[in-house]
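A.B. asks: Task: produce atomic coordinates for the following.
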Amino acid sequence: MSIIYEALKKVEKLQSTASALPEANKQQKEKVKTNHFLLYSLYIAIAATGFFLASVVLGIFTKPLPTTPAPQPEQAALNPLPEPVSAPAAIQIAPVNIEQKQPPLELTLNGLFFSDDEGYVLINNQILREGDEINGVVVKRITLDGVELDAQGSTIKLPNK
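C.D. replies: Down below sits the predicted model:
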C-alpha cells in the first residue's frame with residue numbers, strides 16, 4: 001500500500017504543479033500586457049506632447065505681421081492733399097504800368113502736386129488750381145515743368161526747380 005500511496009502522492013504533486021504552472025503563466029502574461037500598456041501610453045503621451053509643441057512653435061512663426069491701420073475718412077478729409085514735391089522758387093513781377101507805382105509783386109512757387117487728373121500749385125503757401133487768382137494774378141496752366149500765370153495780359157512762368 002505504500003507504493004500505491006506514494007504513486008498517488010506523486011500524481012497529486014504533478015497535478016498541483018501542473019495546475020500551478022498555468023496560473024504562473026497567466027500572471028506572467030498579465031505582467032507583459034501591463035508593461036505593453038504602459039509603454040504604449042508613454043508613446044502616445046510623447047506624440048501628443050510633440051504635436052502640441054509643434055503647433056505652438058508653428059503658430060508663433062505663422063502669425064500675420066501687424067499692419068498700420070488705414071486712415072479714417074475723417075483724417076483724409078482733414079488733410080486731402082499730399083505734401084509738395086519740389087523746392088520753392090521765388091520770382092518778382094515788375095508792375096505793368098509804371099505810372100501806377102505799385103510795389104513789385106512777389107510770388108513764391110512752393111510746390112506742385114497732382115491728384116487724379118487735376119494739378120495743384122502752392123504759391124505763397126496758398127493752394128491754387130487753374131483759373132484761381134492770387135494777388136491779381138490768375139493761374140493759367142500747371143505742368144510738371146512749372147506754372148504759367150496771367151498778370152494783366154502778360155504771361156509769367158514760374159519754373160519748377
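
A.B. asks: Could you list the domains of the chain?
C.D. replies: Domains of the chain are assigned by automatic domain parsing as 1-67, 81-159.

A.B. asks: least reliable of these going by mean pLDDT?
C.D. replies: Sorting the domains of the chain by mean pLDDT places domain 1-67 lowest, at a mean of 75.

A.B. asks: Which parts of this protein are strands?
C.D. replies: 89-93, 105-115, 118-123, 126-128, 133-134, 137-142, 146-151, 154-159 (DSSP state E).

A.B. asks: nearest to residue 37, of these?
C.D. replies: Among those, the nearest to residue 37 by CB to CB is strand 105-115 (75.4 Å). Just so you know, the C-beta spots here come from the backbone N, C-alpha and C atoms, and that holds for glycine as well.

A.B. asks: Listing partners with orientation, what would you give for the closest one?
C.D. replies: strand 89-93 (antiparallel), strand 118-123 (antiparallel) (DSSP bridges).

A.B. asks: Residue 120 and residue 130 touch, don't they?
C.D. replies: No: the criterion here is CB atoms under 8 Å, and residue 120 misses it with residue 130 at 9.3 Å.
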